[in-house]
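**Q** heads up, no residue letters with this:
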């Protein structure tokens, strides 16, 4: 089973992916963690990604996809995974589809965590991270709106999209997600 957790920065994708992975018995594939692992292990694609990071450049979609594909080759991902942070644009959607076809898999569910901007900004500012200033948060939300949010239409047309209210306590949001998955099972 392949589940994509979708939503703007700060909606709780990573938290919910970890909870879902435990409850559903499938691995959580965080793109950020996959990047760090590839770079730390100095894999071929990790070295290429590191060169972009060192330059302060965006890592191209094909490199991001290669890192995800490399991570998915691990035994933990044999039965699928919950993707968090990938895909972020149409090029990455196409790359993911290609990876999955090669493994005889498909995207089963796309869970869109819907949270209003005011709540997102409050959550991100509350994390206390250096890169979570109001200007940076607004910039990240703009990138999401222009590059990633349009993917919701694609997944909606494919019948994979489930939108879940992402406001509330972590356990309540998780319950909503599990109920939505159950209600939309094939």
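**A** The structure has been received and is ready for your questions. Predicted model, so just to flag it, every value in this text is computed and none were measured.
**Q** make it CA atoms for all contacts and neighbour counts henceforth
**A** OK.
**Q** where does this protein have low pLDDT?
**A** Applying pLDDT under 70 to the chain picks out residues 186.
**Q** Which strands border the longest strand along the chain, and is each parallel or antiparallel?
**A** For the chain, the strand that runs over the most residues, judged by DSSP state E, is strand 107-114. When sheet partners are counted by DSSP bridges, strand 107-114 sits next to strand 2-6 (parallel), strand 161-165 (parallel).
**Q** Take those strands and lay them out in TSV including distance to residue 131.
**A** Below are the strands paired with strand 107-114 laid out as TSV (distance: least, Cα to Cα, whole Å):
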stretch	distance to residue 131
strand 2-6	21
strand 161-165	26
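**Q** and these, which is most packed in?
**A** strand 2-6 (a mean of 23; mean count of other Cα atoms under 10 Å).
**Q** mind listing what's buried in the helix or strand just after that one?
**A** Following strand 2-6 in sequence order, the next helix or strand is helix 13-24 (DSSP states H and E). By 16 or more other Cα atoms under 10 Å, the buried positions in helix 13-24 come out as 13-14, 16-21.
**Q** Show me the one of the strands paired with strand 107-114 that comes nearest residue 75.
**A** Closest approach to residue 75 among the strands paired with strand 107-114 (Cα to Cα): strand 2-6, 14.9 Å.
**Q** Residue 30 and residue 81 touch, don't they?
**A** No. Using Cα atoms under 8 Å, residue 30 is not in contact with residue 81, being 9.7 Å away.
**Q** quick one: contacts for residue 19?
**A** Counting by Cα atoms under 8 Å, 6 or more residues apart in numbering, residue 19 touches residue 174.
**Q** Same check on residue 93?
**A** Per Cα under 8 Å, 6+ apart, neighbours of residue 93: residue 87.
**Q** if I look at it, how far off is residue 151?
**A** 8 Å (Cα to Cα, to the nearest Å).
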